[in-house]
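Engineer: Take a look and give me a structure for this.
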Amino acid sequence: MEELRRSKDNPESDIWDLWLEWIWGENQSLGRSTLGSKTTIENITREQLQSYINNFYHTANMVVAVVGNFPINEAEKYIIKYFGKDKYSNIPKFIKTTFKLQKIHTKIINKSSHQVQLILGYVTDISYFHKDRFVLKVIADMLGTGISSRLFHRLVYELGISYSAGAYSWIFADNGLFYAYGGFSPGNTKKALKVIMEEMSRLKKEKVGDQELREAKEKDKAQLYFSLETPDALANFYASQQLTEKRILTPEEISKRIDNVTAEDIKRVAKKYFNLDNLWLTVCGPLKEEEKISIEKILR
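Structural biologist: Numbering: from 1, shown residues only. A predicted model of the protein is given here:
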């Protein structure tokens with residue numbers, strides 16, 4: 001309960017749960033906070049916890065990754081000894097996530113805070129296996145990764161209306177999201193929103209320059225390799241891929257797919273996915289509900 005209260009007290013944290021709930025709804029797994037709610041936490045029982053463990057925690061549903069200087073045969077021997085006996089395979093499957101088109105694309109959550117938190121995103125339907133997965137990743141790097149990115153440069157350096165801003169491509173097993181985010185003073189919220197929408201529109205209309213595209217790719221690949229310097233990071237990298245995608249893409253294979261992204265790909269993907277129909281905006285802070293009309297005009 002204390003963890004839940006701490007999350008609710010932090011608008012920068014709480015807005016993510018509110019945004020996902022706004023998109024997917026509480027009746028779908030992606031729309032529910034992993035932390036739960038006051039009701040679910042207070043009513044959880046020992047029997048429910050045991051039932052959950054019994055349903056999901058089996059070797060058929062598990063990946064073991066071993067990284068380091070070791071004999072492979074020795075590692076396999078111990079894995080088979082301790083994990084190879086369980087033949088349980090009746091593991092529940094998650095239902096594919098769906099979303100419904102809506103006429104209103106803005107949700108304002110009034111909170112007594114000094115800063116407005118904003119997440120503007122698109123439901124892309126781009127999963128782990130989609131051909132445009134790495135195109136969106138490069139777009140995210142251009143828009144919002146690092147201080148040289150478009151959104152950070154305009155919102156933080158040029159206009160000075162935000163302390164932080166960024167963009168990210170978030171993929172799942174059966175769906176995907178692309179979003180821009182930031183924290184702003186209430187008086188600068190609409191100005192910031194206009195900047196974000198302008199940059200999203202530029203991607204559709206203007207061809208990205210060779211230098212900007214090259215820098216975004218190098219930034220993406222550098223992040224990948226620097227993140228894999230330690231054995232535990234490598235173990236997590238390979239295990240999570242095998243668990244979620246049922247395949248392994250090596251850093252070299254990922255780098256090659258990043259290099260293959262073209263300026264034409266970026267324009268095509270932006271036109272296809274960054275549209276009003278699949279746009280979802282959540283604004284959390286000291287804003288009134290009637291401001292939704294003027295915000296919707298900016299989006300349109």
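
Engineer: wait, is Asp125 part of a helix?
Structural biologist: No - counting by DSSP: H, G, I helix; E, B strand; the rest coil, Asp125 is not part of a helix but coil.

Engineer: what about the closest residue to it other than its chain neighbours, how many neighbours?
Structural biologist: Excluding its sequence neighbours, the residue lying closest to Asp125 (Cβ to Cβ, 6 or more residues apart in numbering) is Asn175, at 5.8 Å. Quick note: C-beta positions are derived from backbone N, CA and C, even for glycine. When neighbours are defined as other Cβ atoms under 10 Å, Asn175 has 20 of them.

Engineer: Go ahead and confirm Asn175 touches Phe94.
Structural biologist: No - with contacts counted by Cβ atoms under 8 Å, Asn175 stays clear of Phe94, the gap being 11.1 Å.

Engineer: how many neighbours does the residue lying closest to Arg300 once chain neighbours are set aside have?
Structural biologist: Excluding its sequence neighbours, the residue lying closest to Arg300 (Cβ to Cβ, 6+ apart) is Leu276, at 6.5 Å. By other Cβ under 10 Å, the residues close to Leu276 number 11.

Engineer: And the one 4 residues further on, by the same measure?
Structural biologist: Under the neighbour criterion other Cβ under 10 Å, Trp280 is assigned a count of 21.

Engineer: cool, and Arg6?
Structural biologist: Around Arg6 there are 12 other residues, counting by other Cβ under 10 Å.

Engineer: separation between it and Asp14?
Structural biologist: The span separating Arg6 from Asp14 equals 10 Å under the rule Cβ to Cβ, to the nearest Å.

Engineer: Then Leu287?
Structural biologist: From Leu287 to Asp14 the distance is 15 Å (Cβ to Cβ).

Engineer: same check, this time on Gly68
Structural biologist: For Gly68, the distance to Asp14 equals 39 Å [Cβ to Cβ].

Engineer: neighbour-wise, which of those two wins?
Structural biologist: Using other Cβ under 10 Å as the criterion, Gly68 and Asp14 rank with Asp14 on top: 18 against 9.

Engineer: The more buried one is in contact with Ile119, isn't it?
Structural biologist: No - taking Cβ under 8 Å as the definition, Asp14 is not a contact partner of Ile119, at 11.1 Å.

Engineer: Next up, the contacts around Lys191.
Structural biologist: Residues near Lys191 by Cβ atoms under 8 Å, 6 or more residues apart in numbering: Leu159, Ile161.

Engineer: Ser13: what's its closest spatial neighbour, skipping adjacent residues?
Structural biologist: Using Cβ to Cβ, 6+ apart and skipping the chain neighbours, the partner closest in space to Ser13 is Ser7 (5.2 Å).

Engineer: Restrict the strand or helix carrying that neighbour to CA atoms and write it as CSV.
Structural biologist: In this assignment (DSSP states H and E), Ser7 forms part of helix 2-9. Provided in CSV are the C-alpha atoms of helix 2-9 (Å, rounded to 0.1, in the frame of the first residue of the first chain):
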residue,chain,number,x,y,z
GLU,A,2,2.9,2.4,0.7
GLU,A,3,4.3,1.7,-2.7
LEU,A,4,1.0,2.5,-4.3
ARG,A,5,0.7,5.7,-2.3
ARG,A,6,4.2,6.7,-3.3
SER,A,7,3.4,6.1,-7.0
LYS,A,8,0.2,8.1,-6.8
ASP,A,9,2.1,11.0,-5.1
